[in-house]
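Trainee: build me a structure from this.
(12 chains)
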Number of protein chains: 12
Amino acid sequence: MKILVINGPNLNMLEKRNSLQYGELSLVEIEKSISIKFPEHIFRFYQSNHEGEIIDLIHFSEEEYDGIIINPGGYAHSSVAIRDALEIVKIPKIEVHLSNLSKREEFRQKLITASACNGYISGFKKNGYFAAVFLIEEILKEAI
Amino acid sequence: MKILVINGPNLNMLEKRNSLQYGELSLVEIEKSISIKFPEHIFRFYQSNHEGEIIDLIHFSEEEYDGIIINPGGYAHSSVAIRDALEIVKIPKIEVHLSNLSKREEFRQKLITASACNGYISGFKKNGYFAAVFLIEEILKEAI
Amino acid sequence: MKILVINGPNLNMLEKRNSLQYGELSLVEIEKSISIKFPEHIFRFYQSNHEGEIIDLIHFSEEEYDGIIINPGGYAHSSVAIRDALEIVKIPKIEVHLSNLSKREEFRQKLITASACNGYISGFKKNGYFAAVFLIEEILKEAI
Amino acid sequence: MKILVINGPNLNMLEKRNSLQYGELSLVEIEKSISIKFPEHIFRFYQSNHEGEIIDLIHFSEEEYDGIIINPGGYAHSSVAIRDALEIVKIPKIEVHLSNLSKREEFRQKLITASACNGYISGFKKNGYFAAVFLIEEILKEAI
Amino acid sequence: MKILVINGPNLNMLEKRNSLQYGELSLVEIEKSISIKFPEHIFRFYQSNHEGEIIDLIHFSEEEYDGIIINPGGYAHSSVAIRDALEIVKIPKIEVHLSNLSKREEFRQKLITASACNGYISGFKKNGYFAAVFLIEEILKEAI
Amino acid sequence: MKILVINGPNLNMLEKRNSLQYGELSLVEIEKSISIKFPEHIFRFYQSNHEGEIIDLIHFSEEEYDGIIINPGGYAHSSVAIRDALEIVKIPKIEVHLSNLSKREEFRQKLITASACNGYISGFKKNGYFAAVFLIEEILKEAI
Amino acid sequence: MKILVINGPNLNMLEKRNSLQYGELSLVEIEKSISIKFPEHIFRFYQSNHEGEIIDLIHFSEEEYDGIIINPGGYAHSSVAIRDALEIVKIPKIEVHLSNLSKREEFRQKLITASACNGYISGFKKNGYFAAVFLIEEILKEAI
Amino acid sequence: MKILVINGPNLNMLEKRNSLQYGELSLVEIEKSISIKFPEHIFRFYQSNHEGEIIDLIHFSEEEYDGIIINPGGYAHSSVAIRDALEIVKIPKIEVHLSNLSKREEFRQKLITASACNGYISGFKKNGYFAAVFLIEEILKEAI
Amino acid sequence: MKILVINGPNLNMLEKRNSLQYGELSLVEIEKSISIKFPEHIFRFYQSNHEGEIIDLIHFSEEEYDGIIINPGGYAHSSVAIRDALEIVKIPKIEVHLSNLSKREEFRQKLITASACNGYISGFKKNGYFAAVFLIEEILKEAI
Amino acid sequence: MKILVINGPNLNMLEKRNSLQYGELSLVEIEKSISIKFPEHIFRFYQSNHEGEIIDLIHFSEEEYDGIIINPGGYAHSSVAIRDALEIVKIPKIEVHLSNLSKREEFRQKLITASACNGYISGFKKNGYFAAVFLIEEILKEAI
Amino acid sequence: MKILVINGPNLNMLEKRNSLQYGELSLVEIEKSISIKFPEHIFRFYQSNHEGEIIDLIHFSEEEYDGIIINPGGYAHSSVAIRDALEIVKIPKIEVHLSNLSKREEFRQKLITASACNGYISGFKKNGYFAAVFLIEEILKEAI
Amino acid sequence: MKILVINGPNLNMLEKRNSLQYGELSLVEIEKSISIKFPEHIFRFYQSNHEGEIIDLIHFSEEEYDGIIINPGGYAHSSVAIRDALEIVKIPKIEVHLSNLSKREEFRQKLITASACNGYISGFKKNGYFAAVFLIEEILKEAI
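Mentor: Numbering: from 1, shown residues only, chains lettered A, B, ... in the order given. So this is what the prediction gives:
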């Protein structure tokens, strides 16, 4: 299985952010732990702070990948454009948030991009990515 | 590992509900599939349409179980009382929704009970419960 | 015809409430007057102050009854759970309110449960129940 | 008994509208079916697309009629003027909506005119008018 | 001085409305009392329940009259069309409300048409019209 | 091609309104310029300040005309009744606004009637009508 | 007749404010013009920028005056305390605003104090005070 | 004096909740301290997590008790049904909250049930119950 | 014990206000009844209609008094300044309202000042002050 | 005439989106059809998913082009930055939306960028671009 | 240069407030540090807890001072009256807040008074006053 | 001292924008004037219309610069992503707006990015940047 993992703005600085909310690992450490946990899959990890780049990545994912795991960071709450891009692509798409959004600021409560994914996972820090891989496996098994 | 799985109102009638939203299995079939998928754990499955019963279950879960998986159904959006009950209990708590709530009616957008859980999973039908078990395993491994 | 008549919280105390809003009869007197007015039908009258009990009653009504008349009292404005229960059951369902809700407090204006019924009747006190029976007759005639 | 039946804007085009919402009969067919169903009463049927005409009709109804059945169509949600006209007239007034408004667009949720009627009935298509006649009978019996 | 006095919907039924809010006089009595109070002016009194007729009246008032007194009744709170008509006409325009709107229902708080008048007077029953005549006199004196 | 052009309230007074918003032509001049610009089509121009008359015009347009161009003026923002009338008629319907509504008062931001048209054009003054004719031509070409 | 005229904050600086909104006179000039216009009455003019002083003035007005004219300036939109003070005093109370509030900023649309007066007048600059005196005369005539 | 003390959902777990908000005593300790503090009265203490049970308790309190002290927990903010039950009962009713609600989450700001009590007390932890007993004494003294 | 009792705007006029809401005593009578009820304490009673004076009083209370009882009247709902003053002072502070605010106008529902007190009491008329003294006694006992 | 046609995010994937909303052509096909329809003009077509690139394009358009046609896609509803860029450029600017926005999700109802254009066109699929070219022609003719 | 520095309610108690928000200096220490930092200017420092006094100070500042620095404390968010006073005075006016308001409670987000100043500075504690003096110097240099 | 000055979208076009709001200088002229005014510091000036580029700049500023001055232009009101980037960096950060935002459109009132800065300055045109440099000097002096 080939999985595209997109991390949005500020996730490249993860180790500098509030560890209570986001956990204590850097993004590179999380990416490594995913590869180690699921050695049977091929992962491509992208991080971008640019909304347009994320849209470009999504557009061309369908041919090459079996599934998308996306943590859109701050764009989750405002980007109609990323939402529309996700809607176009027909492979399994899973939105992951490190922190439990339902406990945080009002402006993090509205989920725009998640409504164009299969579903979303929020609050489990690094483990949220693991669960996303696990779920893509399950979804693809069912589709056979 | 001993896991308490609580399903709230109307989930006993699952097989009669809209299969596009909720999938095609009955609750009993989902419960069976969980036990089969994770034979190494002990599950206790409760379903109740009564807010008060769900609160009672949560209160006394801490001593007997290693984790709670809860699908509070319609109570997810209004019950301050279930939310406060969950806050009291200190074992891992994961909220699961069969459907992708971010795509549905306005009155299903506010999440009250989830803010007292570790996190939540929405939109993966039966697989959401599987992912919840997977996540409790991961959370407990970390805690050692 | 066999009709289930469910009255929700506080309707057991009807004779003690504001008669301008609710009329002057007790619930028992209303129930009697329904039976007398429509001697050709069989009625089962339940009153419960418990949200969960009302959900249980609805779940198992489909096999035994030809129609449901429900006055959900205060639950009409907040219970997503009763709404989802009504949606599951496929016999005619009519919501009745004794008072004219459009004249009352803001918190009584939102109708959650009615959106899962065939329709609703508000403001005619006891006569609202009579009209509901009349309407079930008409709906079932059409269905033949 | 002499009953005034007022149908507001677009009800003259009923047979062209969405039959799932409004039923399959034309307004003339509905009017005929009312007369046939209740041969013991005299009905006067008016349809108007003009807010002012509806107000005029209401103003002079009191002397000639025993009750009003009104389906204000789109004016139900905005017309303070029709609402005030209804408030002036002291005979029984019943608002009828063919569709179940609680299931429809946000702008159909606010009920302005209904708050000046005895009550309202929503969602029973043609049968809503029948129930309204039935209710005027009951209300007038009580008033004796 | 020649003054056009427009009364909107339901003001023709004034004597039947709540006298605490609207005073005890009929519209004809109010009109008479205006003529008697200000014998030096010529008044033309129109009452209409039709939004379109009121707009027509306003459009052609400029050439014939020195000022407009308008009580738009329920249209005061919703009619962008009457508002725009008033904006076009350049003679003094005064909006009068018999009752004190700031004490009444929420839906009477928004003033649409008043924003296209010189000003407005609310709460003085019949005397509001007198004050409006008095004010047109003062405004026209200043304009000389 | 036979096109019905309906102009709503206050458009008969166009030459007296703010020319920055609405342009400098009178309605008659706009109508003439449409006929001259598109001599190959037959136009019927109606202007009315009456909501009910506009609804009547729409109802009976389908048999006689190939398309409707409507500028509902102030009714665009409040009339559920005109919206429902437009929904009934199945020929191409285009809503035109002379001014750019997105730049104006809050109460002009909500578009009720446009949601029952093929689409809408706002901000091009007289040219908006020209574009509407152009669009009806294109839509009908496609339908062949 | 003895009339108390209270002007609230910033009205002492009137001649320095936007003359399009407030007219061109200073407060002293307005006060003089009132006394000249109505030489048959005794006026006491107070201006205060202090909310508490205005409340004190109102409390003790009842014994000495026949009526109150109040322009609460900016306090009109926020002062529950002045509103409650006005409610206590039983002589005629008229609120005057120099500018047409319905044309101005959002935060000037809510009227708190006016709901404890007989009524209010907005938009007629100096003439609003004249109309207020005129109205107190009329109200007191009726009371005899 | 015989006083019914009802504690709602999660108050049975008090000793496990945030002591800064709720104080450090368990519910049993609070109940004991009330009995010790006021040995001259008879108290009946009920705790229930079930909305319906609380309604049942209230309904039948009137005959047996002189007053009700109720801490509805999370139901205080959503239960129209408990509110309506309290309205029916005519003995003194006092709502108590351990924490100062005006300092907490937005969803704890709306008070539904308190509007059917004599009054409410918030923020004094255990002492709030003492003050409630003190107040029932005072209210009953006055009523003699 | 030395207690400062601050009453805000309009409480000096208490005997003239609606006795259903506020009780039938004047402020002086209430103050006297407090002194008589609790002869063991020293009370200082201040009443002021001035927001600034109330702030001054609070600032200098800490050194001289053991507790503050404050009824901020209309300032309770708008004064961030009084709220900030109360936050500075560290002795027990109790807000009292004579009427049950949860039953009254929308603009009395927001509590600004209470969030800087220990807690608040609403709806018990005169007895609310008694309960406040009782509570200060209890709070100070605990603090020993 | 030289016209810049900017298409925002996701329009490069047009052929994969819902054809009921957006029509059945790809962006390249639409662009070709524009060139064929208007062979007398020179078009430059840009598509970008990057907000910043779109701003750059707009900034430097004024010197080279006679007009801008822009379909900002999802940025239409949130980008204050694109709006400000459009405001700076003084050539004709027309916003086009393929779908009828007034029929779609709430988050597509607010138009930010359109308020800095001459006007906007919504709902005519491919034909909306044709009408935009037609309108730029008309606007420039007038400007001569 | 002569500068008036007005500090509103509770700033006289600065040293007792939360030092994380407001810094650790008392108001007197801040005032001293301003005088020392800018020995070339004359400062007049006023602190008042009274809204009316602040308005009085502003009214008479224009003749004597070259600029105003104002920290309106809690009045910044509610006082239309102070806002209108500032609008009248034509010398440079700068609003200063010690804390970063955009990080604090919802009720501190609305800025009423700042809209009548040249601009505002928030979040720099004591240094905000220094920056305000610096800015008045720059503004006055430009004005020469 | 080494200071990074970031200007967001459209600030490269400053000289073409409304000079009443933004002043009359181009961005290059403002940048030059900063360098001249503070010759003792080293400035790096960046302007970008791209949200992602601004985030990248912020991420890597901490090692090289002593402080950040940022004018995020239109992104100030919507970019959670820039806000989160600023939160990560621990050097002094000051947000500057040329215009007084509290006087402008509703959509410019919400400040997202400012809540992750030390503070913000709005309304002083070019001088706002000068004040920001002045403030960084002061903040760094204190930190020693």
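
Trainee: residues in contact with A:Gly67?
Mentor: A:Met1, A:Ile3, A:Leu4, A:Ile91, A:Pro92, A:Lys93, A:Ile94, A:Ile136, A:Ile139, A:Leu140 (Cβ atoms under 8 Å, 6 or more residues apart in numbering or on different chains). C-beta here means a position set from N, CA and C on the backbone, and glycine is covered the same way.

Trainee: pull out the buried members of the residues you listed.
Mentor: Among the contacts of A:Gly67, those classed as buried by 16 or more other Cβ atoms under 10 Å in any protein chain shown are A:Ile3, A:Leu4, A:Ile91, A:Pro92, A:Lys93, A:Ile94, A:Ile136, A:Ile139.

Trainee: tabulate these (JSON lines), appending distance to C:Glu62.
Mentor: Shown next, in JSON lines, are the buried ones among the contacts of A:Gly67 (distance: Cβ to Cβ, whole Å):
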{"residue": "A:Ile3", "distance to C:Glu62": "44"}
{"residue": "A:Leu4", "distance to C:Glu62": "46"}
{"residue": "A:Ile91", "distance to C:Glu62": "40"}
{"residue": "A:Pro92", "distance to C:Glu62": "36"}
{"residue": "A:Lys93", "distance to C:Glu62": "38"}
{"residue": "A:Ile94", "distance to C:Glu62": "37"}
{"residue": "A:Ile136", "distance to C:Glu62": "38"}
{"residue": "A:Ile139", "distance to C:Glu62": "33"}
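
Trainee: between those residues, which is closest to chain F?
Mentor: A:Lys93 (30.1 Å; Cβ to the nearest Cβ).

Trainee: got the contact list for that closest one?
Mentor: Contacts of A:Lys93 (Cβ under 8 Å, 6+ apart): A:Gly67, A:Ile68, A:Ile70, A:Leu86, A:Ala116, A:Cys117, A:Asn118.

Trainee: the helices in chain A, which residues?
Mentor: For chain A, applying DSSP state H gives helices covering A:19-22, A:27-37, A:51-59, A:80-88, A:126-143.

Trainee: compare the ones you listed and give me the one nearest chain L.
Mentor: helix A:51-59 (6.2 Å).

Trainee: just the closest residue of chain A to chain I, please.
Mentor: Taking Cβ to the nearest Cβ, chain A has A:Glu106 as its residue nearest chain I, at 17.6 Å.

Trainee: ok, back up a step: most surrounded residue in the contacts of A:Lys93?
Mentor: A:Ile70 (28 neighbours; other Cβ atoms under 10 Å in any protein chain shown).

Trainee: wait, what's in contact with the residue lying closest to it once chain neighbours are set aside?
Mentor: In space, A:Ile70 comes closest to A:Ile6 once its chain neighbours are excluded; the distance is 4.5 Å by Cβ to Cβ, 6 or more residues apart in numbering or on different chains. The contact partners of A:Ile6, by Cβ under 8 Å, 6+ apart, come to A:Tyr46, A:Gln47, A:Ser48, A:Ile54, A:Leu57, A:Ile58, A:Ile68, A:Ile69, A:Ile70, A:Asn71, A:Pro72.

Trainee: and the nearest residue to A:Glu87 once chain neighbours are set aside, how far is that from A:Asp84?
Mentor: Sequence neighbours aside, A:Ala116 is the residue nearest to A:Glu87 in space, at 4.1 Å (criterion: Cβ to Cβ, 6+ apart). According to Cβ to Cβ, to the nearest Å, A:Ala116 stands 7 Å off from A:Asp84.

Trainee: looking at chain A, which helix or strand does the model trust least?
Mentor: helix A:19-22 (a mean of 82; mean pLDDT, DSSP states H and E).

Trainee: which residues sit against it?
Mentor: By Cβ under 8 Å, 6+ apart, the list of residues contacting helix A:19-22 reads A:Leu14, A:Leu98, A:Ser99, A:Arg104, A:Lys125.

Trainee: do that again at 10 Å, thanks
Mentor: Contacts of helix A:19-22 with the rest of the structure, by Cβ atoms under 10 Å, 6 or more residues apart in numbering or on different chains, involve A:10-11, A:14-16, A:25, A:30, A:97-100, A:103-104, A:123, A:125-126.

Trainee: near chain K, which residues of chain A?
Mentor: Chain A comes close to chain K at residues A:Glu106, as judged by Cβ under 10 Å from any Cβ of the partner chain.

Trainee: where does chain A get nearest to chain C, which residue?
Mentor: Counting by Cβ to the nearest Cβ, chain A gets nearest to chain C through A:Ser102 (16.9 Å).

Trainee: what residues are up against that residue?
Mentor: Contacts of A:Ser102 by Cβ under 10 Å, 6+ apart are A:108-109, A:122-123, B:83, B:95, B:110-117, B:119-120.

Trainee: and these, which are buried?
Mentor: Buried among the contacts of A:Ser102 (16+ other Cβ under 10 Å): A:108, A:122-123, B:83, B:95, B:111-117, B:119-120.

Trainee: return the closest of these with respect to chain J.
Mentor: A:Arg108 (15.8 Å).

Trainee: on the pLDDT front, check the one residue in chain A that gets nearest to chain E for me.
Mentor: Residue of chain A nearest chain E, by Cβ to the nearest Cβ: A:Glu106 (25.3 Å). The model reports A:Glu106 with a pLDDT of 77.

Trainee: what do you get for A:Asn127?
Mentor: Note on A:Asn127: pLDDT of 97.

Trainee: can you check A:Ile144 too?
Mentor: For A:Ile144, the pLDDT comes out at 72.

Trainee: what do you get for A:Ile36?
Mentor: Looking at A:Ile36, its pLDDT stands at 97.

Trainee: and the residue of chain A closest to chain G?
Mentor: A:Glu106 (21.3 Å).

Trainee: my read is that that residue contacts H:Glu106, right?
Mentor: Yes: with contact defined as Cβ atoms under 10 Å, A:Glu106 counts as touching H:Glu106 (8.7 Å).

Trainee: need the overlap of contacts for the two.
Mentor: Joint contacts of A:Glu106 and H:Glu106 (Cβ under 10 Å, 6+ apart) are K:Glu106.

Trainee: residues contacting A:Ile58?
Mentor: A:4, A:6, A:68, A:70, A:82, A:84-89, A:93, A:116, J:10, J:13, J:49.

Trainee: from L:Glu137, how far off is it?
Mentor: 45 Å.

Trainee: again with A:Glu63
Mentor: With Cβ to Cβ as the criterion, A:Glu63 and L:Glu137 are 55 Å apart.

Trainee: and those two? Which one has more around it.
Mentor: Using other Cβ under 10 Å, the more surrounded residue of A:Glu63 and L:Glu137 is L:Glu137, with 20 against 7.

Trainee: which residues touch the nearest residue to that one once chain neighbours are set aside?
Mentor: Among residues not flanking L:Glu137 along the chain, L:Met1 sits closest, at 7.1 Å (Cβ to Cβ, 6+ apart). By Cβ under 10 Å, 6+ apart, the contact set of L:Met1 is L:Phe38, L:Glu40, L:His41, L:Ile42, L:Phe43, L:Tyr65, L:Asp66, L:Gly67, L:Val133, L:Ile136, L:Glu137, L:Leu140.
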